[in-house]
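Engineer: have a look at this fold, sequence not included:
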């Protein structure tokens with residue numbers, strides 16, 4: 001185990017974490033509701049249609065139970081059937097995310113900076129917030145035509161093996177960081193160990209240089225640079241990221257040009273007063 005991995009595991013050892021108990025043994029939880037939400041959570045930008053049999057296999061449920069749950073989700077407008085009989089998410093499900101996006105109006109104030117970075121890098125620029133053990137994109141800009149995937153609000157990814165996630169982890173201090181790392185290690189033991197050294201190095205780099213880079217750690221065909229912005233007044237941790245198709249990314253450009261530009265953009269954004277700066281920022285003029 002190398003130094004970075006050792007340090008990250010030491011931090012995780014100092015953390016406290018207990019995963020939620022099995023819903024079957026917790027009478028305060030609704031197992032039916034949880035199963036319905038688990039069905040909705042199966043969908044992603046790479047899986048937009050699922051059969052009854054596939055849902056049953058993935059969740060370990062019988063087909064009759066899945067049929068009943070999906071019929072209920074169709075009744076309330078969150079699922080629909082396509083001509084081949086597969087289940088797809090229905091447009092009405094977007095209404096669930098609208099109140100969340102409406103509460104992050106600060107996104108629009110950052111669009112000028114984001115467009116400049118997207119044009120300069122010819123990549124896609126996103127804002128990501130921490131949510132449980134993932135990051136969630138809440139704003140995107142750029143040209144997705146040549147991209148391996150289409151960046152959109154709502155895309156989620158791992159904290160421990162992505163540039164956005166590692167930049168967000170760098171915003172956590174002391175026990176809060178230790179607890180989060182303990183949670184990630186408990187949920188994803190193999191991935192945590194595989195990426196521990198890079199995660200530790202990225203956290204340190206964000207705190208020292210203002211950015212970190214990931215060369216396909218999350219999506220193999222994407223190179224990403226991310227910089228931590230800070231925390232909103234209602235407690236959201238936010239990072240700014242830029243993604244490039246791997247075939248177009250040049251490491252010396254990422255390290256010596258794009259990365260420092262991202263860090264400088266973060267410094268400019270903090271001057272706007274939208275975010276509480278990271279605890280490790282030495283410039284007292286940026287603090288409220």
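Structural biologist: Nice, I can see it. Keep in mind that this is a model prediction, so the values were computed, not measured.

Engineer: okay, the residue nearest to residue 89 when sequence neighbours are not counted and residue 58: tell me how far apart.
Structural biologist: Closest residue in space to residue 89, ignoring its immediate chain neighbours: residue 43 at 5.3 Å, by CB to CB, 6 or more residues apart in numbering. Yep, even glycine has a C-beta here, placed from its N, CA and C like the rest. Separation of residue 43 from residue 58 (CB to CB, to the nearest Å): 11 Å.

Engineer: okay, and the common contacts of those two?
Structural biologist: Counting by CB atoms under 8 Å, 6 or more residues apart in numbering, the shared contacts of residue 43 and residue 58 are residue 50.

Engineer: hang on, the earlier thing: in what helix or strand does the residue nearest to residue 89 lie?
Structural biologist: Using DSSP states H and E, residue 43 is not contained in any helix or strand.

Engineer: next up, the contacts around it.
Structural biologist: Per CB under 8 Å, 6+ apart, neighbours of residue 43: 50, 88-89.

Engineer: now restrict those residues to buried residues only.
Structural biologist: 50, 89 (16 or more other CB atoms under 10 Å).

Engineer: report pLDDT for residue 76.
Structural biologist: Here the pLDDT value assigned to residue 76 is 94.

Engineer: how far away is the closest residue to residue 168 other than its chain neighbours from residue 229?
Structural biologist: Once flanking residues are discounted, residue 168 sits nearest to residue 130: 4.4 Å by CB to CB, 6+ apart. Distance, residue 130 to residue 229, using CB to CB: 12 Å.

Engineer: which of the two has more residues huddled nearby?
Structural biologist: residue 229 (28 against 23; other CB atoms under 10 Å).

Engineer: can I assume that one sits in a helix?
Structural biologist: No - remark: residue 229 does not belong to a helix; assigned using DSSP: H, G, I helix; E, B strand; the rest coil, it is strand.

Engineer: what's the distance between it and residue 223?
Structural biologist: 20 Å.

Engineer: and residue 211, by the same measure?
Structural biologist: 13 Å.

Engineer: the more surrounded of those two?
Structural biologist: residue 211 (30 against 25).

Engineer: how close does the more buried one get to residue 98?
Structural biologist: 31 Å.

Engineer: can you tell me the element the residue nearest to residue 168 falls in?
Structural biologist: Element membership for residue 130 (DSSP H and E) is strand 124-131.

Engineer: among the contacts of residue 43, which lie within helices?
Structural biologist: Per DSSP state H, helices hold no members of these.

Engineer: out of the contacts of residue 43, who's nearest residue 5?
Structural biologist: Taking CB to CB as the measure, residue 5 lies nearest residue 50 of those, at 36.7 Å.

Engineer: so who does that closest one touch?
Structural biologist: So residue 50 contacts 42-43, 58, 86-87 (CB under 8 Å, 6+ apart).

Engineer: re earlier: pairing partners for the strand holding residue 130, with directions?
Structural biologist: Using DSSP bridges, strand 124-131 pairs in its sheet with strand 134-142 (antiparallel), strand 237-245 (antiparallel).

Engineer: if we can go back for a sec, take the contacts of residue 43 and write them to CSV, including pLDDT.
Structural biologist: Listed next are the contacts of residue 43 as CSV, based on pLDDT from 0 to 100:
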residue, pLDDT
50, 94
88, 96
89, 94
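
Engineer: name the nearest of the contacts of residue 43 relative to residue 168.
Structural biologist: residue 89 (26.1 Å).

Engineer: return the residues in contact with that closest one.
Structural biologist: 40, 43, 48, 78-80.

Engineer: what about 10 Å?
Structural biologist: Taking CB atoms under 10 Å, 6 or more residues apart in numbering, we find residue 89 in contact with 39-40, 42-43, 48-50, 73, 78-80.

Engineer: buried subset of those residues?
Structural biologist: Those of these that meet the buried threshold are 39, 43, 50, 73, 78-79, by 16+ other CB under 10 Å.
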